[in-house]
Structures are given as structure tokens and as C-alpha cells.
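Colleague: Have a look at this prediction, sequence included:
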Amino acid sequence: MTESASRVSSASSRSSESRTSSGLSGPSGPDGSSGPDGAGGSGGSGGSGGSSTVDRVGFGQRLRREPAFSAYWLLRVGFVVLPMWMGIDKFIDGLTFWPDYLAPWIVGIIPFSAATAMMVVGVVEILAGVAIAIKPRYASYVVALWLAGIVINLLTYSGFYDVALRDVGLLVAAFALARLAAAYDRPWGGVVAR
């Protein structure tokens with residue numbers, strides 16, 4: 001072997017040893033990832049001492065290296081901030097006059113005004129944002145059902161079909177967050193199933 005080929009082989013070997021000792025072994029999944037937690041395979045512990053890759057790889061590195069992990073956090077942060085923002089706006093009508101979005105048949109069956117109803121909606125939206133922050137594994141399904149109710153309201157009120165379509169997209173995103181949370185958010189009284 002020539003001297004330069006020997007150096008390349010040696011550098012390659014050191015790189016491989018370094019990746020293996022840090023728990024970052026080569027890709028094992030069809031998409032080139034090594035599992036949801038970066039530990040390879042089904043999420044068992046990698047490396048020595050029984051600690052998982054999660055302990056050795058920083059949060060920022062996981063966001064950059066793991067598309068599913070970064071998607072989970074983007075959706076989680078989005079579903080915390082946006083519902084809370086919309087909920088607060090129901091009290092100040094800064095973005096729009098929210099009572100106009102309530103279908104007349106709903107206004108006819110509730111025992112209070114449309115403005116009061118939207119304040120109740122605002123409280124629910126704020127609570128939804130807090131719930132996603134605390135436990136997205138379960139709260140995402142509640143948010144999806146809430147969005148389904150909003151879609152039904154908008155589909156029964158002519159002139160808001162474009163907003164209803166947008167909310168269908170949000171509903172799908174809430175279900176996507178729920179599925180990702182099944183991998184990244186611990187269930188109550190259990191461990192993350194990977």
C-alpha cells in the first residue's frame with residue numbers, strides 16, 4: 001500500500017471508531033437514520049455503560065440530524081404558540097372580529113352572545129396550547145377534535161370555506177404531532193416506545 005493510501009485508510013478507521021464509540025454508528029434505517037432516538041434499531045441503548053445516545057448527543061445536534069425529531073419540535077412549538085396567540089386574541093379582537101366567524105345556527109342555540117362564545121373559545125384555545133406544552137402525546141388528539149369542530153362550524157357558514165380548508169390542514173398537522181409524540185413524548189407512567 002502506498003503511504004497516502006495508508007493515511008486515508010487510517011483516517012477512515014479512526015472516523016469509524018470515533019462514530020461507534022460515540023453511539024453514532026452508520027445508518028441502519030431505509031432513510032439513512034438510525035432510529036427516532038439516534039441509538040440505532042429500535043431505540044435500545046448504544047455504546048458502553050447502558051446510556052443511550054440521547055445522553056451523548058445534544059438537543060441542537062438532534063434537531064439538525066434527525067428530521068422526525070425536528071418535525072416533532074416544530075409542530076409542538078407551533079401548536080403551543082399559535083393556539084395561545086389566537087386564544088388571547090379572542091379577548092382583544094386584534095386580528096379580526098372573531099364573533100363574525102361563528103355560524104348563525106350556533107349563535108341560535110347558545111345561551112349567550114357570540115362575543116361571549118368567542119371568549120369561551122379563547123379560553124379553550126389557551127388551555128389547548130398549555131396542554132400541548134405539557135403532554136403533546138395526548139393533547140394533540142384533543143386539539144385535532146377541536147379543529148374538527150371549527151371546520152364543521154366554518155363549513156356550515158357560507159363564505160368561510162377557505163378558512164375551513166386551512167383548518168383541515170391544521171387538523172392533519174395535529175394528528176401528525178400526535179403520531180410523532182408517540183415516539184418522543186413519554187406516556188404517563190411509562191417510557192417512550194421507539
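Modeller: All right, it came through fine. Numbering: from 1, shown residues only.
Colleague: what comes into contact with stretch 90-109?
Modeller: For stretch 90-109, contacts defined as CB atoms under 8 Å, 6 or more residues apart in numbering pick out 86, 89, 113-115, 117-119, 121-122, 125, 153-154, 156-157, 160, 163. C-beta here means a position set from N, CA and C on the backbone, and glycine is covered the same way.
Colleague: got the end-to-end distance for it?
Modeller: Between the start and the finish of stretch 90-109 there is a gap of 20 Å, counting by CA to CA, to the nearest Å.
Colleague: Now which of the contacts of stretch 90-109 would you call buried?
Modeller: 86, 89, 114, 117-119, 121-122, 125, 153-154, 157, 160, 163 (16 or more other CB atoms under 10 Å).
Colleague: Among these, find me the one that's closest to Ala182.
Modeller: Using CB to CB, Glu125 is the member of those that sits closest to Ala182, with 23.6 Å.
Colleague: quick one, what contacts the closest one?
Modeller: Glu125 is in contact with Pro83, Met84, Met86, Gly87, Lys90, Trp146, counting by CB under 8 Å, 6+ apart.
Colleague: any idea which of these has the most stuff around it?
Modeller: Pro83 (25 neighbours; other CB atoms under 10 Å).
Colleague: secondary structure class for that one?
Modeller: helix (DSSP: H, G, I helix; E, B strand; the rest coil).
Colleague: Could you tell me the per-residue confidence at it?
Modeller: Turning to Pro83, the model gives it a pLDDT of 95.
Colleague: One more: Ala193?
Modeller: 56.
Colleague: all helices of this structure, in order?
Modeller: In the chain, the helices defined using DSSP state H lie at 3-21, 53-56, 59-65, 67-92, 104-109, 114-134, 136-155, 161-184.
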